[in-house]
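Undergrad: how would this look folded up:
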Amino acid sequence: MAIVGERVRCFVAPSDESYRPPAFHGFPTTLPTVESDGLVTLKIRPHSLAKLEAVGRYCNAFARALKRRWATTYVDLYAGPGVLELEGGKLTWGSPMIALQCADPFNSLVLVEMQPQRANVLLQRARRIARRGEEVCIIQGEAEKTLDDVLRRIPVGSVALTLIDPFRLEFSLEAMATLAGSGKKMDLILLFAEGMDLRRNLQNAIRSAPGSDRFDKVFGGPEWRDLVQPQNPPARNAVLLRKLYLDRLRRLGFDHLGREVVVKNSSNVPVYLLMYATRNPLGVRLWDSCTKSSQLELFT
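TA: The predicted structure is shown next:
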């Protein structure tokens, strides 16, 4: 294992010719069952399975579609420990472990986790799972503060699929502009926390309550306040801000947008959207094909 820096740890996985990857069709449901390894997990709610299903389907299709012409890199800016835990103790793979097990491997993976313990556990699990010659880099730190390291670890000429899925709206437009202006070929999967954050906290943000400046950072300045009215229903204001956000992405050059996957909770209330943004219209066709199943919107 190569130690690139105190918080950047990279290794090249061995090539195990005896390894048989999960079947392509049906992925990620074809993944092996997660067995407890006694290491830390991250607790999730059942609706998070919809996100993992969509991300897994697309990662799998992306890696296969590009393998003959391009090297591929998977980037996960909020990676977690690699294994997630539902109520009752059932375990499921986190997004980085799903990406590591696609039927056709990514050539490299760059995984960012803020908490040191989770980053250490992610490294251990990645070293056990990776076995097809991938280069894997685990970067411990906050997503936005690690972008220089992340971009350096994406090989020249590789096409990167980047997952950005914080628990709330916090990844700034400035950071998005850094990705857009990096010169890297990059597609984005974005979690837009409309129900579980924007609608709940918008009224306080309109009143400039402490901490509400993060919306200024996400939407690229205070101009968003000119769009919303305190007397509007939260859902109406949220839709206006979602359209503003998509317009900001287009201006950065991510001008092809895929269908939005609505993720609902057990009460059938939307909690967030998964967005897809790219410079290549072929990516949209692939994303829409992978996520067209209504089952993704019915997970609870």
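Undergrad: residue 273: neighbour count?
TA: 16 (other CB atoms under 10 Å). For the C-beta atoms, the positions are set from N, CA and C on the backbone; glycine is no exception.
Undergrad: show me what it is bridged to.
TA: With DSSP bridges applied, residue 273 shows beta-bridge pairing to residue 192, residue 262.
Undergrad: what does stretch 273-280 contact?
TA: Contact with stretch 273-280 is made by 51, 54-55, 58, 185, 187-192, 194, 242, 246, 249, 253-263, 283-284, 287, 291, as judged by CB atoms under 8 Å, 6 or more residues apart in numbering.
Undergrad: are any of these buried, and which?
TA: Among the contacts of stretch 273-280, those classed as buried by 16 or more other CB atoms under 10 Å are 51, 54-55, 58, 185, 187-192, 194, 242, 246, 249, 254, 256-258, 260-263, 283-284, 287, 291.
Undergrad: which members of those residues occur in helices, if any?
TA: Judged by DSSP state H, helices contain the following of the buried ones among the contacts of stretch 273-280: 51, 54, 55, 58, 242, 246, 249, 283, 284, 287.
Undergrad: and the second one, what does it touch?
TA: By CB under 8 Å, 6+ apart, the contact list for residue 54 reads 189, 261, 274, 290, 291, 296.
Undergrad: what about the first one, distance to residue 85?
TA: As judged by CB to CB, to the nearest Å, residue 189 and residue 85 stand 23 Å apart.
Undergrad: which one of the ones in helices among the buried ones among the contacts of stretch 273-280 is nearest to residue 105?
TA: residue 58 (15.4 Å; CB to CB).
Undergrad: contacting residues around the residue lying closest to that closest one once chain neighbours are set aside?
TA: Nearest in space to residue 58, with sequence neighbours left out and distances taken as CB to CB, 6 or more residues apart in numbering, is residue 290 at 4.7 Å. By CB under 8 Å, 6+ apart, the contact list for residue 290 reads 54, 57, 58, 61.
Undergrad: quick check: which element contains the closest residue in space to residue 189 that isn't next to it in sequence?
TA: Once flanking residues are discounted, residue 189 sits nearest to residue 163: 4.8 Å by CB to CB, 6+ apart. Per DSSP states H and E, residue 163 falls inside strand 159-164.
Undergrad: partner strands of that strand, parallel or antiparallel?
TA: Assessed with DSSP bridges, strand 159-164 is paired to strand 72-76 (parallel), strand 185-192 (parallel).
Undergrad: thinking again about what came up before, ok, of the ones in helices among the buried ones among the contacts of stretch 273-280, which one's closest to residue 214?
TA: With CB to CB as the yardstick, the closest approach to residue 214 among those comes from residue 242, at 16.3 Å.
Undergrad: now for that closest one: which residues touch it?
TA: So residue 242 contacts 192, 194, 273 (CB under 8 Å, 6+ apart).
Undergrad: would you put the C-alpha positions of stretch 89-98 in CSV?
TA: The C-alpha trace of stretch 89-98 is given here as CSV (Å, rounded to 0.1, in the frame of the first residue of the first chain):
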residue,chain,number,x,y,z
GLY,A,89,-29.4,-5.0,12.4
LYS,A,90,-29.7,-6.1,8.8
LEU,A,91,-26.5,-5.1,6.9
THR,A,92,-26.2,-3.8,3.3
TRP,A,93,-23.4,-2.6,1.1
GLY,A,94,-22.6,1.1,1.0
SER,A,95,-22.1,2.9,-2.3
PRO,A,96,-18.2,2.5,-2.4
MET,A,97,-18.4,-1.3,-1.9
ILE,A,98,-21.2,-1.5,-4.5
